[in-house]
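> kindly return the folded structure for what I paste below:
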Amino acid sequence: EVQLVESGGGLVQAGGSLRLSCAASGFTFDDYAIGWFRQAPGKEREGVSCISSSDGSTYYIDSVKGRFTISSDNAKNTARLQMNSLKPEDTGDHYCAAKRAGDASYDYWGQGTRVTVSS
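You can find the predicted model right below:
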């Protein structure tokens, strides 16, 4: 059974940091790309960052560049999103997802972890 389980969300003041983790099981982690998404209240879900587990290449949306760092540990089947200098606009439910390398859409999704940044 494929599972993605996020953890690490919480309440933090603006300027603070959180580290989200995504623990994966049931598939070969090395063959997949892992993405982090977020959905703010009343808004559509947006992609935040992704990493290729095979070559480590990364992508970030402009609003988080320089503040967030995505990483993956293939030995532990875990991906992480280090979020620094958090802003109230980073608030939302954060999800990790996995897709096969080269695919356009994500195959597997976690249940999400909530991040709340107070001003």
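> and the helices in the chain?
Counting by DSSP state H, no segments of the chain form helices.
> list the contacts for the residue sitting nearest the centre point of it?
The centre of the chain sits closest to residue 36, judged by CA atoms, centre = their mean, with a distance of 2.7 Å. Counting by CB atoms under 8 Å, 6 or more residues apart in numbering, residue 36 touches 20, 22, 47-50, 70, 79, 81, 94-97. In short, each C-beta sits where N, CA and C put it, glycine included.
> and if you look at residue 6?
20, 21, 22, 94, 95, 96, 110, 111, 112, 113.
> narrow those residues to those that are buried.
20, 21, 22, 94, 95, 96, 110, 112, 113 (16 or more other CB atoms under 10 Å).
> just the strands in the protein please.
Assigned by DSSP state E, the strands in the chain fall at 3-7, 10-13, 18-25, 32-39, 46-52, 58-60, 68-73, 78-83, 92-100, 108-109, 113-118.
> I'd like the ones you listed laid out as CSV, including mean pLDDT.
Formatted as CSV, those follow (pLDDT from 0 to 100):
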stretch, mean pLDDT
strand 3-7, 97
strand 10-13, 98
strand 18-25, 97
strand 32-39, 96
strand 46-52, 96
strand 58-60, 97
strand 68-73, 96
strand 78-83, 97
strand 92-100, 97
strand 108-109, 96
strand 113-118, 98
